[in-house]
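Novice: okay, structure incoming, though there's no sequence with it:
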């Protein structure tokens with residue numbers, strides 16, 4: 001029988017998405033050939049079988065470690081050799097038509113200056129934190145001949161990812177059934193984060209943003225129609241702040257961000273919020289993050305998304321102190337927060353007692369029934385696999401401790 005998920009009896013446990021791939025899956029992805037577009041990976045029956053087995057094993061492992069709401073680890077979201085700057089984002093370029101590799105890339109596309117009321121994103125190398133710590137960041141940045149091609153919107157955006165998302169759904173459901181777990185989630189990129197590619201087709205930034213909302217709705221519907229939880233990855237809501245130069249006013253940035261929330265809600269129209277989770281973060285790269293926007297400036301905007309669950313960074317040292325946001329911000333009825341209480345940003349494995357303490361801080365402010373345990377961001381690619389799974393074990397143990405103390 002599947003596990004029963006009762007938030008009045010236990011604090012549920014989940015992750016932010018990405019988990020370490022097996023060496024076999026990494027090698028198989030690296031060996032895949034590209035389609036003519038230069039960034040879509042070809043599929044074979046042999047690869048599909050390997051992928052299914054890997055997801056089933058991963059769901060079982062999460063369940064054994066105490067994760068009650070597991071995902072597929074984003075295993076179906078592969079990176080290609082041409083687009084290799086994060087599968088959580090780049091996967092969508094293989095599922096959406098109207099994109100083209102133009103020769104620009106994430107680190108070298110033109111630097112843009114903003115003016116009040118007209119905010120523009122610059123490239124990664126000109127983020128304000130990256131400018132301040134230039135020597136630290138540029139040591140590992142793929143520039144010059146090693147720069148990664150950057151897709152741009154050059155035509156009408158169209159959906160061509162139905163087979164891929166249906167494979168994700170089938171693999172996760174097979175894993176849930178094998179592990180005896182009632183519910184799981186799949187990630188999908190939010191419109192605001194998808195629309196950060198250059199655009200030479202749509203007449204305005206807003207038109208481009210809503211085109212992304214319309215095309216991504218296909219993936220959202222597929223996941224929720226299958227009865228799974230949809231996690232919308234939208235780090236742009238927080239980390240766009242650092243990619244705008246010079247630093248904008250908070251008021252201008254809130255208007256800029258509100259448009260992205262409205263586009264997200266447009267994409268979610270008629271989708272049950274009970275099956276939707278919004279994930280924000282300040283970027284998972286390992287760096288100083290001294291110019292991260294304070295959480296208090298956007299938390300209320302994020303709660304305006306038509307999603308029941310809201311997951312955010314709360315375990316790393318740049319944002320752990322911000323649990324006090326909930327002293328002043330009232331959680332709307334029917335909303336649930338999923339703070340990250342173990343972090344991708346350190347190799348140190350959090351003690352279960354610390355996990356329990358962190359969860360208790362939030363429960364004291366919004367009610368234990370409105371809190372789930374999560375990770376700051378994806379652990380895959382940021383930590384050694386053994387450390388990542390040790391963190392999940394500590395996460396499950398800490399949530400169990402907190403449940404005993406808070407829910408009896």
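Specialist: Right, received. Where do you want to start? Predicted, not measured: the structure shown is a model, and the values here were computed from it.

Novice: ok, for residue 66, nearest residue in space, not its chain neighbours?
Specialist: Nearest residue to residue 66, sequence neighbours excluded (CB to CB, 6 or more residues apart in numbering): residue 396, at 1.9 Å. No exception for glycine: its C-beta is placed from N, CA and C like everyone else's.

Novice: so what touches the strand or helix carrying that neighbour?
Specialist: Secondary structure assignment for residue 396, by DSSP states H and E: helix 385-407. For helix 385-407, contacts defined as CB atoms under 8 Å, 6 or more residues apart in numbering pick out 8-13, 15, 19-20, 61-62, 65-67, 341-342, 347, 349-356, 358-360, 363, 368-369, 373, 375, 379-380, 382-383.

Novice: can you rerun that using 7 Å?
Specialist: Outside helix 385-407, the residues within contact range by CB atoms under 7 Å, 6 or more residues apart in numbering are 8-11, 13, 19-20, 61-62, 65-67, 341-342, 347, 349-353, 355-356, 359-360, 363, 368, 373, 375, 379-380.

Novice: now the residue nearest to residue 66: how far from residue 180?
Specialist: 16 Å (CB to CB, to the nearest Å).

Novice: swap in residue 327?
Specialist: Note on residue 327: its distance to residue 180, by CB to CB, is 39 Å.

Novice: pLDDT wise, what is residue 135 at?
Specialist: pLDDT, the model's per-residue confidence, is 88 for residue 135.

Novice: sorry, slip of the keys, the one I care about is residue 125.
Specialist: Per-residue confidence for residue 125 comes out at a pLDDT of 84.

Novice: helix/strand/coil for it?
Specialist: Classification of residue 125 into helix, strand or coil gives helix, according to DSSP: H, G, I helix; E, B strand; the rest coil.

Novice: so what's the residue count around it?
Specialist: Counted with other CB atoms under 10 Å, the burial measure for residue 125 works out to 17 neighbours.

Novice: and the helix holding residue 396, what's buried?
Specialist: Neighbour counts using 16 or more other CB atoms under 10 Å place 387-403, 406 of helix 385-407 among the buried residues.

Novice: pLDDT averaged over that helix, what's the number?
Specialist: Mean predicted lDDT for helix 385-407 stands at 97.

Novice: ranges for the strands of the protein?
Specialist: If you assign secondary structure with DSSP state E, the strands in the chain sit at 96-105, 149-159, 185-189, 229-233, 276-279, 309-312, 336-342, 374-375.

Novice: tell me the contacts of the spatially most central residue of the chain?
Specialist: Centroid-nearest residue in the chain: residue 233, 3.5 Å away (criterion: CA atoms, centre = their mean). Under the criterion of CB under 7 Å, 6+ apart, the contact partners of residue 233 comprise 17, 88, 187-190, 193, 279.

Novice: need these in TSV (columns: neighbour count, distance to residue 55 and pLDDT).
Specialist: Supplementary listing: these in TSV, determined by neighbours: other CB atoms under 10 Å; distance: CB to CB, whole Å; pLDDT from 0 to 100:
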residue	neighbour count	distance to residue 55	pLDDT
17	26	13	94
88	24	16	81
187	29	13	97
188	28	16	97
189	26	19	96
190	29	23	97
193	24	24	93
279	28	20	98
